[in-house]
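coordinates for the following, if possible.
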Amino acid sequence: MARGPEDLPPDKRERIIRAAVEEFAERGYEMASTNAITARAGISKGLLFHYFGSKRNLYVHALREMVGREVERFKRARRELHPDIVERVFQIALYKQKLVREDPVTARFLATVLQAPEEVKPEVAALFRELEGLSAKVRTEGVDTSRFRPDIDPAKAITLINVCVEGLRNLYAGRVSPEMVDEPGAIEAMMNEVREYLDMLKFGVYRRDDG
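Just a heads-up that it's a prediction; the model follows:
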């Protein structure tokens, strides 16, 4: 009978996942070595392939595991989210910055998806579609629309903000890389830019006396 990672003892499974995260974070998917992963985890290569099947499966499993942990951590913090949707967007960005600061290895590993090869892109794309659905829900669920202008449709205002957020994500996608984890100054500059764009969205770009 085929066996999978869930059949491993929890402590051994955790050692393998952490070893994989460290190796992929340091070397990227293509250059990562299963020999190095097994050495880090203190297991045989046969055991690794018996439970995970391939380097590709190990990467995808580790990615799902780490994303899942961050999602659960973020869900626990949802009660602290700002009721203002624009402030909430920035709060989410700050949460991601906090991950970089507190767990740079995991942050670097998650950033490897930006350079993921074709063989893992379908799984990566599916995972991030799930994340985008959750992110959109977190951004909009229970927001206070009372500060919107009374002459506009709140639903359309939220749609516009979501479109702008997606545009900002695309704008920065080409600038983000695993190496940025080691460049706090570059991350800080990016966060300042995001704040500037969000303030434009929140307060407008036209003078009120220009009609």
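
helix or strand: which one has R139?
helix 121-140 (DSSP states H and E).

after that helix comes which helix or strand?
Defined by DSSP H and E, the subsequent element after helix 121-140 is helix 154-173.

show me what that next one is packed against.
Under the contact criterion of 3 or more C-beta pairs under 8 Å, 6 or more residues apart in numbering; DSSP states H and E, helix 154-173 touches helix 85-102, helix 121-140, helix 184-203. From N, CA and C alone the C-beta is placed, and that goes for glycine too.

just the mean pLDDT for it, thanks.
Mean pLDDT, helix 154-173: 90.

gap between stretch 4-18 and the chain center?
Centre-to-centre, stretch 4-18 and its host chain are 23 Å apart (C-alpha atoms, centre = their mean, to the nearest Å).

pull out the buried positions in that stretch.
Buried residues in stretch 4-18, counting neighbours by 16 or more other C-beta atoms under 10 Å, are found at P5, L8, R13, R15, I16, I17, R18.

now that stretch: mean pLDDT?
Averaging pLDDT along stretch 4-18 gives 92.

distance of the nearest residue to D182 once chain neighbours are set aside relative to K98?
Using C-beta to C-beta, 6 or more residues apart in numbering and skipping residues adjacent in sequence, the residue nearest D182 is P104, 7.4 Å away. Using C-beta to C-beta, to the nearest Å, P104 is found at 11 Å from K98.

with G142 instead?
22 Å.

which of the helices and strands packed on helix 154-173 sits closest to A32?
With respect to A32, and counting by C-beta to C-beta, the nearest of the helices and strands packed on helix 154-173 is helix 121-140 at 15.2 Å.

pull out the buried positions in the closest one.
E123, V124, L127, S135, V138, R139, T140.

which of the residues you listed sits closest to Q115?
Nearest member of the buried residues of helix 121-140 to Q115, counting by C-beta to C-beta, is V124, at 10.5 Å.

pretty sure that closest one sits against V113.
Yes. Between V124 and V113 there is a contact under C-beta atoms under 8 Å: 5.0 Å.

mutual contacts of these two, please.
Residues touching both V124 and V113 by C-beta atoms under 8 Å, 6 or more residues apart in numbering: L63.

any idea how far the least confident helix or strand in the chain by mean pLDDT is from the middle of the chain?
Of all helical and strand segments in the chain, the minimum by mean pLDDT, DSSP states H and E falls on helix 121-140, at a mean of 83. Distance of helix 121-140 from its chain centroid, counting by C-alpha atoms, centre = their mean, is 9 Å.

and the angle for that helix with helix 85-102?
Helix 121-140 and helix 85-102 meet at an angle of 130 degrees, taking axes from the mean of the first three to the mean of the last three C-alpha atoms, to 10 degrees as the criterion.
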